[in-house]
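Colleague: Sequence plus the predicted model coming up.
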Amino acid sequence: METSLPLFGRTSPEQKDAYLDAARLAAIVQSSDDAIVSKTLEGVVLTWNPAAERIFGYSAEEMVGSSIYKLVPPELYDDERMVLERIAQGESVAHFETVRVKKDGTLFPIDLTVSPIRDPEGVVVGASSVKRDITERRRAVEISSRLAAIVQSSDDAIVSKTLDGVVMDWNAAAERMYGLTSAEIIGRSIYAVVPDELQLEERAILDRVARGEHVAHYETVRVRKDGSRIEVALTLSPIRDADGGIIGASSIQRDITVSKRSEEALRQATKMEAIGALAGGLAHDFNNQLYAVSGFAHFIARDPGLSPSARADLIELQKTTERMASLTRQLLAFARQQVLIPETLDLNVAVQDTHAMLQRLVGSSTPIELALAPGPKWVRVDRAQLVQVLLNLVINARDSMPGGRAIELRTQTLEVSPGHLLDKSQSAVEPGAYAELAVIDSGQGIPPEQLPHIFEPFYTTKAVGAGTGLGLATVEGIVSQSDGHIQVQSAVGKGTTIKILLPLAGEPAPASPTGPPDQSRGRSRGRILVVDDEDSVRAIVGRTLQAEGYEVLSAREGREALRELEEIGGAVDLVVTDLVMPGMGGLQLRGELARRYPDLPLVWISGHPMEPEFTRGTPGKNQPFLMKPVEPDALLDTVAQVLERATRSED
C-alpha cells in the first residue's frame with residue numbers, strides 16, 4: 001500500500017503544511033458528531049460526512065450531487081433560499097433553529113450554523129453548514145418546562161436547597177404558605193422558617209438526605225413571615241448531579257394546620273362524648289345515693305330531741321352532700337348534659353350581684369375590680385350556671401397570681417361580622433350582637449403549648465391535689481350550651497384574658513302583677529303516685545309528701561305504675577316519676593299516660609340529665625323536671641304549683 005511519505009519527499013515544506021492542515025480538517029469533519037455538509041449557492045451537496053449519514057439516514061453516495069432541498073420541508077424552502085442568499089453576500093448564520101426531514105420522512109429539529117466557502121480570490125462559491133440534532137435537547141427543555149409548570153401550579157410548597165440549607169428554588173405555593181416571596185428567600189437559609197427549638201431537627205433531616213435517604217411525610221412545625229406557626233408535612237429527596245453525587249435536597253411541603261385541628265377537634269369531641277356518657281351514667285346512680293343521704297338527714301334534723309352536737313354533725317353532712325352534688329353538676333356541665341333553666345337577665349346586674357360573693361371567695365388580698373359598660377346587657381342564660389362560670393374563672397385568675405394582684409371583670413357589647421374569628425386557632429363565630437364578659441388577670445400566663453389543651457376535661461397545670469381539671473372544661477360546657485363562645489388571650493408573664501361571648505337577647509317584658517303568695521302549700525291536698533326504682537328515693541319522696549298531707553302511692557317502674565292506676569281507675573292527681581328505670585322507663589310511661597289519662601300532670605325527678613327525647617312530644621308546663629338531689633321545699637313547691645295549675649285548667 002502506497003504511503004504519503006514519498007509524496008512528502010517530493011513536496012515543499014509549504015505544501016506539506018497545507019496537506020497536513022487539510023488532513024486534520026478532514027479528520028475533524030469525518031469524526032464529528034455533528035452533520036457537516038458543504039453545498040453550492042444553488043443548494044447542490046458537495047460533501048456529506050458520516051454524522052450526516054447517521055442523522056439523516058442518507059449515504060454520501062445518495063446525497064453528493066443532490067439538492068439540499070430534499071432535506072427541507074416544502075414550507076421552509078423560502079427560509080433555506082434566504083439563508084443561501086445571505087451566505088452569497090458573505091454573511092454567516094449562527095445557531096439557527098429549524099426543522100429538517102430524514103430519509104424515512106421523520107421531521108426533527110436541528111441547530112444550524114452556516115458559513116461561506118470562498119475560492120483563492122475570496123469569492124463566495126458555496127456554503128458549509130454544521131447541523132446538530134437537537135431532538136433530545138428539545139425534549140429535555142419541554143420536560144423541564146412541564147416540570148416547572150407543575151411545580152409552579154402545585155398546591156404544595158416545593159422547595160429545593162443545598163445541603164447547608166441555602167434555598168435554591170421556591171414555588172408559588174411556598175410563597176402563599178410562608179408569606180415570603182422567592183426574591184426574599186432564595187439565597188437565604190431555610191432556617192429562617194424553622195423555629196429555634198427545631199433547628200437541630202432540621203439539621204438532622206438534611207444529614208439524612210446527604211446520606212441518600214428519602215424522608216417521607218415527616219410532620220413538624222414551621223414559621224411564617226408574620227411569626228405565626230403552621231403545622232407542615234414534609235417529604236424530602238436527594239438532588240443529584242450528573243455523576244450521581246448528592247448536592248442538595250428537594251422537599252414537598254403541605255400545610256396541615258387545618259386538618260390537624262380538625263383531627264384534634266374530632267378526638268376531643270369523641271373524648272367528650274365518651275366522658276359525657278360516663279358522667280351521665282354516674283350522675284344517675286350517684287345522685288340517687290346523694291338523695292338518700294340528703295333526704296334521711298333532712299328527716300333526722302326535724303327530730304326535736306336531737307342534741308346540739310348531733311344537729312351540728314347533720315348540718316355538716318348536708319353541706320357535704322351539696323358539695324358532692326355540685327361536683328356532679330360540674331361533670332354534667334363540661335359534658336354538656338346539664339339541665340339548664342335559662343332566663344333573660346342583665347349581665348351587668350348578674351356580675352354586680354355576684355361581686356361580693358366572689359370577693360369573699362378569693363380574699364381581700366386579691367381585689368376584684370368591675371369595669372361594666374353602661375346600659376343593660378340582656379342575655380339568656382341559666383343564672384346558677386353563669387355564677388359557676390364566674391367562680392371557676394375568678395378562682396383560676398387568683399391562682400395564677402400568687403403575689404395577690406387585682407382581677408378585672410369587664411363587660412361590653414360586640415357586633416360580630418360574617419367570617420369573624422375569635423383568634424387564629426378557633427372557628428368562625430356566628431354573626432350577630434353579643435354581650436362580652438372578660439375576666440382579666442396579670443398573672444403567670446399560659447404557655448403556648450398548653451393553650452390548645454386548657455378546656456380538656458381533667459387537664460390541669462396545677463400541683464397534684466390543687467385542682468380537678470374540671471374548671472375550664474365546665475366553663476366551656478356551660479358556655480357552649482348557652483350558644484356562646486370563648487376567647488383566650490395569654491402570654492407567659494403577662495397575664496391572661498378570657499372572654500365569654502353570649503348572644504344578646506331582647507329586653508324581658510315587665511312581670512304582670514300578682515296577688516300575695518299562698519302561704520299554705522299543702523292546702524291543696526291530693527293523691528300522688530311516686531314511680532322510682534330506688535327504694536330509698538321512693539321512701540324519701542313519699543315521706544316528704546305525706547308530711548304535707550298528700551296521699552301517696554308508689555311503684556318501682558312504668559308497668560307497675562300503670563297497674564296501680566288501673567286498679568284505682570286512674571284516680572290520682574299527679575304522678576312523680578323518675579326518667580331512667582329498668583323495665584318501662586319514664587319516657588315510655590309518659591306515652592302510655594298521654595294515651596290513657598291525657599289530663600294527668602307529671603313531675604319528673606331524676607338523677608340522670610334530661611335526655612333529648614324528653615323535650616319531644618311537647619311536655620308542657622305541667623311536666624317540670626327536677627334534678628336529684630332535690631331539696632324538700634323545691635319538691636313541695638313544684639308539686640303545689642302543678643296541682644294548682646291543673647285545678648285552674650279544670651275550672
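Modeller: Now that the structure is in, tell me what you want to look at.
Colleague: quick one: residue 84 is in a strand?
Modeller: No: read with DSSP: H, G, I helix; E, B strand; the rest coil, residue 84 is helix and lies in no strand.
Colleague: Spit out the contact partners of it.
Modeller: Residue 84 is in contact with 41-43, 127, counting by Cβ atoms under 8 Å, 6 or more residues apart in numbering. Bear in mind the C-beta positions are built from the backbone N, C-alpha and C, glycine included.
Colleague: what about the stretch 1-150 of the chain, any weak spots by pLDDT?
Modeller: Applying pLDDT under 70 to the stretch 1-150 of the chain flags residues 1-23, 25-26, 143-145, 147-150.
Colleague: where along it do the strands fall?
Modeller: With DSSP state E, counting those that start in this stretch applied, the stretch 1-150 of the chain shows strands at 35-40, 45-48, 93-101, 107-118, 124-133, listed in chain order.
Colleague: so can I have JSON lines of these showing mean neighbour count and distance to residue 321?
Modeller: JSON lines is the format used below for the strands of the stretch 1-150 of the chain (neighbours: other Cβ atoms under 10 Å; distance: least, Cβ to Cβ, whole Å):
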{"stretch": "strand 35-40", "mean neighbour count": "21", "distance to residue 321": "104"}
{"stretch": "strand 45-48", "mean neighbour count": "19", "distance to residue 321": "111"}
{"stretch": "strand 93-101", "mean neighbour count": "14", "distance to residue 321": "95"}
{"stretch": "strand 107-118", "mean neighbour count": "17", "distance to residue 321": "93"}
{"stretch": "strand 124-133", "mean neighbour count": "19", "distance to residue 321": "96"}
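Colleague: wait, which of those strands is closest to residue 296?
Modeller: Closest to residue 296 of those, according to Cβ to Cβ: strand 107-118, at 101.2 Å.
Colleague: in stretch 359-377, what's buried?
Modeller: 362, 366, 368, 372, 377 (16 or more other Cβ atoms under 10 Å).
Colleague: Average pLDDT for it, rounded please.
Modeller: Computed over stretch 359-377, the mean pLDDT rounds to 89.
Colleague: Same question for stretch 248-257.
Modeller: Computed over stretch 248-257, the average pLDDT equals 88.
Colleague: which residues sit against that stretch?
Modeller: Residues contacting stretch 248-257 (Cβ under 8 Å, 6+ apart): 154, 156-163, 168, 174, 177, 206, 209-210, 219, 222, 230-239.
Colleague: Leaving out sequence neighbours, find the closest residue to residue 593.
Modeller: Nearest residue to residue 593 in three dimensions, chain neighbours excluded: residue 600, at 5.5 Å (Cβ to Cβ, 6 or more residues apart in numbering).
Colleague: should've said residue 579
Modeller: Distance criterion Cβ to Cβ, 6+ apart; nearest residue to residue 579, sequence neighbours excluded, is residue 606 at 3.7 Å.
Colleague: does that neighbour really touch residue 630, like I thought?
Modeller: No: the criterion here is Cβ atoms under 8 Å, and residue 606 misses it with residue 630 at 9.7 Å.
Colleague: Show me which residues of the host helix or strand of residue 435 are buried.
Modeller: Per DSSP states H and E, residue 435 falls inside strand 432-441. For strand 432-441, burial by neighbour count (16+ other Cβ under 10 Å) applies to 434-441.
Colleague: ok, of those, which one's closest to residue 402?
Modeller: Using Cβ to Cβ, residue 441 comes nearest to residue 402 of these, at 11.5 Å.
Colleague: what's the closest non-adjacent residue to the closest one?
Modeller: Nearest non-adjacent residue to residue 441, counting by Cβ to Cβ, 6+ apart: residue 397, 3.8 Å away.
Colleague: Distance-wise, check the one you found relative to residue 372.
Modeller: 17 Å (Cβ to Cβ, to the nearest Å).
Colleague: do residue 386 as well
Modeller: Note on residue 386: its distance to residue 372, by Cβ to Cβ, is 15 Å.
Colleague: helix or strand right after the helix or strand hosting residue 344?
Modeller: Per DSSP H and E, residue 344 falls inside strand 342-346. Downstream of strand 342-346, the first helix or strand assigned by DSSP H and E is helix 347-362.
Colleague: what helices or strands is that next one leaning on?
Modeller: Here helix 347-362 touches strand 368-372, helix 383-399, strand 407-416, strand 432-441, going by 3 or more Cβ pairs under 8 Å, 6 or more residues apart in numbering; DSSP states H and E.
Colleague: Quick check: which of those is nearest to residue 476?
Modeller: Residue 476 lies closest to helix 383-399 among the helices and strands packed on helix 347-362, at 9.6 Å (Cβ to Cβ).
Colleague: Could you give me the buried positions within that closest one?
Modeller: Under the neighbour-count rule (16+ other Cβ under 10 Å), helix 383-399 has 385-399 buried.
Colleague: What of stretch 543-554?
Modeller: 544-545, 548, 550, 552-554.
Colleague: Which of those fall in helices?
Modeller: The members of these that map onto helices under DSSP state H are 544-545.
Colleague: sorry, back to before: so what are the sheet partners of the strand holding residue 435 and their directions?
Modeller: strand 407-416 (antiparallel), strand 495-503 (antiparallel) (DSSP bridges).
Colleague: Low-confidence regions, the stretch 451-600 of the chain specifically.
Modeller: 457-471, 509-524.
Colleague: Just the helices from it, written as ranges.
Modeller: Here the stretch 451-600 of the chain has its helices, by DSSP state H, counting those that start in this stretch, at 471-481, 535-546, 558-567, 586-596.
Colleague: Give the buried residues for the third one.
Modeller: Same thing as helix 558-567. For helix 558-567, by 16+ other Cβ under 10 Å, it's 558, 560-562, 564-565.
Colleague: how big is the angle separating it from helix 586-596?
Modeller: In terms of direction (axes from the mean of the first three to the mean of the last three Cα atoms, to 10 degrees), helix 558-567 departs from helix 586-596 by 30 degrees.
Colleague: Okay, now the unreliable bits of the stretch 201-350 of the chain?
Modeller: 261-262, 264-266, 268-285, 323, 326-341.
Colleague: what about the strands in it?
Modeller: 215-223, 229-240, 246-255, 342-346.
Colleague: JSON lines please, covering those strands and showing distance to residue 497 and mean neighbour count.
Modeller: Formatted as JSON lines, the strands of the stretch 201-350 of the chain follow (distance: least, Cβ to Cβ, whole Å; neighbours: other Cβ atoms under 10 Å):
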{"stretch": "strand 215-223", "distance to residue 497": "25", "mean neighbour count": "15"}
{"stretch": "strand 229-240", "distance to residue 497": "21", "mean neighbour count": "17"}
{"stretch": "strand 246-255", "distance to residue 497": "28", "mean neighbour count": "19"}
{"stretch": "strand 342-346", "distance to residue 497": "22", "mean neighbour count": "16"}
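Colleague: can you put those strands in TSV and add distance to residue 198?
Modeller: Shown next, in TSV, are those (distance: least, Cβ to Cβ, whole Å):
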stretch	distance to residue 198
strand 215-223	6
strand 229-240	10
strand 246-255	14
strand 342-346	47
